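**Q** I'll drop the sequence and a predicted model, then ask my questions.
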Amino acid sequence: MPNSELARGESTPRTNRASGSSIEPPVLRIANCSGFYGDRVAAAREMVDGGPIDVLTGDWLAELTMLLLGKAVLSGRPGYARTFLTQMEQVLPTCTERGIRIVSNAGGLDPAGCAAAVAELARRAGVSPVIAHVTGDDLLPRLPGLLKDGHRFANSDTGETLAEADVTPLTAHAYLGGLPIAKALAAGADVVITGRVTDAALVVGPGLWRFGWEGDDLDALAGAVVAGHVIECGCQATGGNFSFFHEVPDLAHAGFPIAELAADGSAVITKHPGTGGLVSVGTVTAQLLYEIGSARYLNPDVTARFDTIALEQAGPDRVRVSGVRGESPPADLKVALNYAGGYRNSMILALEGLDIAAKAELAEQAIWARVDGGKDSFDLVDVDLVGADPALLRISVLDRDKAKVGRAFSAAVVETGLASYPGFYALTPPGDASTYGVYWPTAVPAGLVSTQVVIDGEPVWAGPARVGPGPADPGGQPPGTPDPPSIPLRRGRRPLRRPRRPLHMRRRCASRSARSPEPVPATRAATPTSASGCAPTPSTPGSSAT
């Protein structure tokens, strides 16, 4: 069915069961209740009880999370975010009653299993929401065939191909766009559970559903991507981790963000009244510059031009985001692979007083002298010296040999306790090795990825991973392999080489904007600069959305 039919036909929100109202508001109020797996559990209840919302979303998946879920599956535990179920216990009956849709990527590696768990919660609560899940992002079973067909899965950072690396991925997931989410909502779903979609797709999908955007509505799609990017990290949009934290009132009780999305893709970022935190041009700009590369922000559905964003303080804790221009999406979808890299161990020593650098050098010399083969015997050694008085010296070793980096290494450090720098003391006890994973960013032609929406065990729609590309744009990316066609289906029942730096050793940081005085008139957001966050910034032009 054409996307326009989503909004003008099936997408009309059902009557609010509490009030009997069937009038559509002029905006779609999309609330965030999670920025990562482990975020505030009470946030879902706070967003549902704190004021009117239309859609409750949350992001549970980072590159590291996919790896951890992969290890969980290997050990017989669920492959989805289990804290999401706790939140659903608290809000599912209320959301069902009020007609609040829930869109979540908490399905992780097992969207079907997560959907089944939510269905069981609903049964116990005595409610009957329509629960959909989205499949198609998991490429692990397809990797051998794709490699045989000539897809190299080159690392976006290094250019090395998967075959050259000679590794076996533990997880491999393509980043889907918002179209499958929109189709699930159009099919009547109250709850939509996905695996790996872009963070912004959690907003783009409901926008496609409500407003019926087509693939050539590039500016509206770009606006939705920007709104999704702003709220995806939860309280980082409402004053969390903000450089000018002294301006933020009651940060300890910061409210989670809401995007009031309009039909033209513009949005107002806000939060519920009476909650702590701050929504200002400064806090929104800080989040805009988080985890991006160039001004062209690549998403499956559109390339959003971050150098066209206009921000305006529209009232207390209300920032209007408008003017976003969009270009054609890239030909490829980003793919996140993770593989087991080997084993690691770390010891941290404290150094005080004078001559910190010399003491650190002496500590290293003493340690390597007690290790068979010395420093060069390990596949990788990472040494960090931070601070001044006291300074912390962290020595991390990685190797495919567990015994080498286990207690043999930590014991060697302890053995230097009376034959090292003055004032020696360690902050970590001697411990054994632990496994580590390596993140491998890559891409696949979008046309090779197809998705399904499943309700009650039956597929109700099958089609591409994203809304169809718009017309060619001089500044956009060239079209690639044509996306597979949409297929409406029968509706279901309603009731080892040298190891790469592992994920844990990649520092989190975010560019922060210069402070702007309040109130702020409508201004163009500064052109984003490269920033490294949870995931490495791809080396290709533009930044790939996560």
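**A** Done, it's in. Residues are numbered from 1 along each chain as shown.
**Q** Okay, now the unreliable bits of the stretch 401-546 of the chain?
**A** 469-546 (pLDDT under 70).
**Q** can we see that at 90?
**A** Where the stretch 401-546 of the chain drops to pLDDT under 90, the residues are 468-546.
**Q** can you pull the buried residues of stretch 241-260?
**A** Neighbour-count burial for stretch 241-260, counted by 16 or more other C-beta atoms under 10 Å, picks out N241, F242, F244, V248, L251, A254, G255, F256, P257, I258, A259, E260. Bear in mind the C-beta positions are built from the backbone N, C-alpha and C, glycine included.
**Q** Pretty sure the third one sits against S280.
**A** No: the criterion here is C-beta atoms under 8 Å, and F244 misses it with S280 at 9.2 Å.
**Q** Listing partners with orientation, what would you give for the strand or helix carrying A336?
**A** Using DSSP states H and E, A336 falls within strand 332-351. For strand 332-351, the paired strands and their directions (DSSP bridges) read strand 169-174 (antiparallel), strand 391-399 (antiparallel), strand 425-426 (antiparallel), strand 434-445 (antiparallel).
**Q** Would you map the helices across the stretch 301-450 of the chain?
**A** Taking DSSP state H, counting those that start in this stretch as the test, the helices found in the stretch 301-450 of the chain are 356-369, 402-405, 407-415.
**Q** Which elements pack onto the longest one?
**A** Yep, that's helix 356-369 we're talking about. Helices and strands touching helix 356-369, as assessed by 3 or more C-beta pairs under 8 Å, 6 or more residues apart in numbering; DSSP states H and E, comprise strand 332-351, strand 380-387, strand 391-399.
**Q** what's the spacing between that helix and its chain's center?
**A** 39 Å (C-alpha atoms, centre = their mean, to the nearest Å).
**Q** And it, what's buried?
**A** For helix 356-369, burial by neighbour count (16+ other C-beta under 10 Å) applies to I356, K359, A360, L362, A363, E364, A366, I367, W368.
**Q** Report all helices and strands that the helix or strand where T283 lies contacts.
**A** Secondary structure assignment for T283, by DSSP H and E: helix 281-288. The contact analysis (3+ C-beta pairs under 8 Å, 6+ apart) places helix 281-288 against helix 218-231, strand 310-315, strand 318-322.
**Q** ranking the ones you listed by burial, who's on top?
**A** helix 218-231 (a mean of 29; mean count of other C-beta atoms under 10 Å).
**Q** tell me the angle of that one relative to helix 281-288?
**A** 100 degrees (axes from the mean of the first three to the mean of the last three C-alpha atoms, to 10 degrees).
**Q** and the angle from the next helix or strand after helix 218-231 to strand 310-315?
**A** Remark: after helix 218-231, the chain's next helix or strand is strand 257-261, criterion DSSP H and E. Between strand 257-261 and strand 310-315, the angle comes out at 110 degrees (the same axes, to 10 degrees).
**Q** after strand 257-261, next one along is what?
**A** Heading C-terminal from strand 257-261 (DSSP H and E), you reach strand 267-271.
**Q** what about the residue lying closest to S346 once chain neighbours are set aside, how many neighbours?
**A** Nearest residue to S346 in three dimensions, chain neighbours excluded: S396, at 4.2 Å (C-beta to C-beta, 6 or more residues apart in numbering). S396 has 22 neighbours, counted by other C-beta atoms under 10 Å.
**Q** Appreciated, that's everything.
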